[in-house]
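[1] quick one, structure for this:
(2 chains)
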Amino acid sequence: MYDIVIIGAGIIGTFIARELSRYKLNIALIDKENDVANGTTKANSAIVHAGFDAKPGSKMARFNVEGNAMFDKICNDLDVEFNRIGSLVIGFSEEEMKELQKLYQRGLENHVPDMEIIDKKRVKELEPNISDNVVGALYAATGGIVGPWEMAIALAENAIENGVELLLNHEVKDIQKTQKGYELLTSEGPMQAKCIINCAGVYADHINNMIAKPTFKINPRRGQYFVLDRDARNIVNTVVFQCPTKLGKGILVTPTVHGNILVGPDAEDLDDRENLSTTADRLEYIKEIAKLTMEKIPYHMTITTFAGLRAEPSTGDFIIEESKDAKGFINVAGIKSPGLTSSPAIAQYVVGLVGKILGNLEEKAEFNPTRRKLIRFDQLSQEEKEETIKRDSRFGRIICRCEHITEGEIVDIIKRKAGATTVDGVKRRARPGTGRCQGGFCGPRVVEILARELGKDMAEILKDGRNSNVLTEKTHKGSDGSDVKEWAAVSIEK
Amino acid sequence: MLNYDIVVIGGGPAGLAAAIEAKKSGIDSILVIDRDRELGGILQQCIHNGFGLHEFKEELTGPEYAERFIEQLKELDIECKLDTMVIDITQDRLIHAINTEDGYMTIQAKAIVLAMGCRERTRGAIAIPGSRPAGIFTAGTAQRYINMEGYMVGKKVFILGSGDIGLIMARRLILEGAEVSAVAEVMPYSGGLTRNIVQCLEDFNIPLLLSHTIVDIKGKDKIEGVVLSKVDSHRKPIAGTEKYFECDTLLLSVGLIPENELSKSAGIEMDPATNGPIVNESMETTVEGIFACGNVVHVHDLVDYVSQESRRAGSNAAKYVKDMLIRNGSTLQARPGDGVGYIVPQIIRTDNLEKNLDLFMRVKNVYSHGKLVIRVDGVPVREIKKKHMAPGEMERIKLDLELLKDKNDSILSVEVEKEVV
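    As a prediction, this is how the structure comes out:
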């Protein structure tokens, strides 16, 4: 019997798991996918919002502003890349400037620090490539960019090191009330828990409805993006939003922590909670709209396009509460934007809810808030590179030519807790394949390293999801040689 | 710090030929650096034949062709560092490289020959919409898996792009027991060599669908199919022409791009038309003492031409070390005219030419019974009639030095003219 089972190992689930791992609790973090961060967390704008968007008094407003302030410490503790580059919401007309003024006022009400309305001249100083049609902007110094999946992976790793059990490939099929709490029927068998925390992202309503009355609905809202080559990185310095619309914060142009440029997302309501397809018309639409921000975006430097789903709640605000029908069942649902920014504050709040349910939580003396630092070979000085290769020669072999990722880094991220088991898992943790060749050269090497480190055959290695094998089978003349002889015999007979 | 007269970056066909020629030209201190585990570059995965018709007057496979050069390299006792990655080069020819044995190295070279080859354009580069499942490969990556790793990529294959690697892989997959439903090409003509169209598609009854592109990819974990659409003259999909093809593998053969990250770090000027460095008649880039050859300069269709061009780079790098290259003197700029995409070399210093000038170029369209007109400062100096010209087949012109004599600050242009019948 677990004290707590957390359903969903995205940014919210992993954050809650890590915060709860400070206490003497028996915790399982489960996910239906074969890796952590494989839902919304792996496909979003990767923005740490300042907090002026949300309606004052809402959970979104509160947790956004609280969460934003927590990023420096958590990212430092967990060695996650985070950059407070500041954000701009740009206005193209006096009317839009009025909207920006409203946003500014809302920001004040939400207690957002360091905001100002700036004029065209200042905007152009900050962002020389921005459209000449710009009138002014709302500048927020606390806006930033982060690696969202790296953060969830780091949180999972840290949580495991502090005693949380991570169970992947565990899909929840049903939940039953028992005398002491709950029984979860998963694809891998039953599990018992005193307390359940539902962080199931776009499936959070399904999970809720297994045990409680339907009180909310999650609508998957798809957004598509362009990712541009690092050669384009100088086109923009801050996170640049357009004036928000009903459907969201509009198309943005922003650098990523890895030095690429992200353009997107659009917003499109779907019924399908698995549909991560990009579409030609939507990508065209994004180009159209983004043109307003910046006339010359070098799309010929596109290295990939992708789509993500946000979990749009029917309630209009985050749902973070114990279910009225089910004691000890906590919903953390509808965590759309600014969910990533809010995640540290949400996690703390949920710890409070858990405390009320399970009684006073006892802190663990041995809790370690930090994790072993990653070696990012490319970022080291020449001396550090020399030292690193001397210590472990595998850092002397570059596997990913585009991003200069070494074998040492790849082996490390496979061997860590919550380590990579798939090609995309390696890519999310250490970046081989995120460069301009998109894995054309390093893909086979990564498959080979994964097979070697996991003791598997190359044909068993997956790209990402559970049935996504990269390769099918050995060729007729492949490897063990037995087929070769047979083939030779046939030719001789002829 | 290590010191060499010439460091060749890349041990594929270009690097090998350059190193060998430099050695034959009297330079002893040469180092070849390659990031892969063995020499030969991409040739090692090209197990089909057709290599060496010009160089050796026989048909060799890629590894056989490479072997002839690797043997020479060994005989000439040229030093190599394999499994070694150059991470930076500077304008003053200092090379930073790493490997597992030597660790971090700085290498000072008197001359550098860049021979890093090219890479394939990806799905992302052409923004094919749809889902992102497993089973989508560039043709070259699939070739590596099948021919070098001994693993199949799938059984039911669709190929987008009619570049040579895609065509070769269509045949290769059939020989491995897979089914290839079609090769689609967005342009109204193929990007590959005619001989590959015949030997790899027609001989195996694989349809080539010109003016078509993929507008959607289906499948969640693993690719299940692609939606193909006809395109109009602006390469835009025509609504209503969509057709679904079931497949478990999609191969992309949608173009090659020279790999010039290092060239850029050294501040070498690039030609946007080739995506490679601007070079002169000696294959020297705009940074003195740094030479380039092979697919890093422009994408060749025949390795034989790579070898020829690279020998020129090697012998001139040797001349440079011996201070025998003439830096000033009469100079011409080569400019592509109508119908021509690019010309290499872009700069011609006539005093360094011995007898002929070799010009390489690609035309922009398919022409039958046209001619290439070479002009110097607008004045026609030569015309070459061509029965057939296509972007997929590189054109090579040998110009007699006599035609260029006493021309300084001149423009040499080549344009396509349709013969008036």
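
[2] okay, and the beta partners of A:I4?
    Per DSSP bridges, the residues bridged to A:I4 are A:I27, A:C195.

[3] does it touch A:L20 like I think?
    Yes - if you go by Cβ atoms under 8 Å, A:I4 and A:L20 touch, sitting 6.3 Å apart. Glycine gets a C-beta too; all of them are placed from N, C-alpha and C.

[4] joint contacts of those two?
    Here A:I4 and A:L20 share the contacting residues A:27, A:354, scored by Cβ atoms under 8 Å, 6 or more residues apart in numbering or on different chains.

[5] model confidence for residue 257, exactly?
    Here I'm looking at chain A. Looking at A:V257, its pLDDT is 97.

[6] was after chain B, sorry
    94.

[7] isn't A:E403 up against A:P432?
    Yes - in this structure A:E403 lies within contact range of A:P432 using Cβ under 8 Å: 6.5 Å.

[8] residues in the stretch 201-350 of chain A within reach of chain B, list them.
    Within the stretch 201-350 of chain A, the residues that sit near chain B (Cβ under 8 Å from any Cβ of the partner chain) are A:226-227, A:274-280, A:283, A:299, A:302-306.

[9] of the residues you listed, closest to chain B?
    Nearest to chain B among those, counting by Cβ to the nearest Cβ, is A:T304 at 3.4 Å.

[10] mind checking what helix or strand follows the helix or strand where B:I95 lies in sequence?
    Assigned by DSSP states H and E, B:I95 belongs to strand B:94-99. Once the chain leaves strand B:94-99, the next helix or strand it forms, by DSSP H and E, is strand B:103-114.

[11] name the strands paired with that following strand and say parallel or antiparallel.
    strand B:2-9 (parallel), strand B:94-99 (antiparallel), strand B:290-292 (parallel).

[12] and among the ones you listed, the most buried is which?
    Stretch with highest mean neighbour count among the strands paired with strand B:103-114: strand B:290-292 (a mean of 30; mean count of other Cβ atoms under 10 Å in any protein chain shown).

[13] now do that one, average pLDDT.
    Strand B:290-292 comes out at a mean pLDDT of 98.

[14] which neighbouring elements make contact with the next helix or strand along the chain from it?
    As assigned by DSSP H and E, the chain's next helix or strand after strand B:290-292 is helix B:303-321. Secondary-structure packing of helix B:303-321 (3 or more Cβ pairs under 8 Å, 6 or more residues apart in numbering or on different chains; DSSP states H and E): strand B:2-9, helix B:13-24, helix B:62-75, strand B:103-114, strand B:290-292, strand B:356-363.

[15] now helix B:303-321 - C-alpha only, CSV.
    C-alpha atoms of helix B:303-321 as CSV (Å, rounded to 0.1, in the frame of the first residue of the first chain):
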residue,chain,number,x,y,z
VAL,B,303,32.8,10.4,-57.0
ASP,B,304,35.3,10.4,-59.8
TYR,B,305,34.9,14.1,-60.2
VAL,B,306,35.4,14.5,-56.5
SER,B,307,38.7,12.7,-56.7
GLN,B,308,39.8,14.9,-59.6
GLU,B,309,38.9,18.1,-57.9
SER,B,310,40.5,17.0,-54.6
ARG,B,311,43.8,16.2,-56.3
ARG,B,312,43.8,19.8,-57.4
ALA,B,313,43.2,20.9,-53.8
GLY,B,314,45.9,18.6,-52.5
SER,B,315,48.6,19.7,-55.0
ASN,B,316,47.8,23.3,-54.6
ALA,B,317,47.9,23.1,-50.8
ALA,B,318,51.4,21.6,-51.3
LYS,B,319,52.2,24.5,-53.6
TYR,B,320,51.0,26.9,-50.9
VAL,B,321,53.2,25.3,-48.3
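
[16] work out the gap between it and the centre of the chain.
    Distance of helix B:303-321 from its chain centroid, counting by Cα atoms, centre = their mean, to the nearest Å, is 15 Å.
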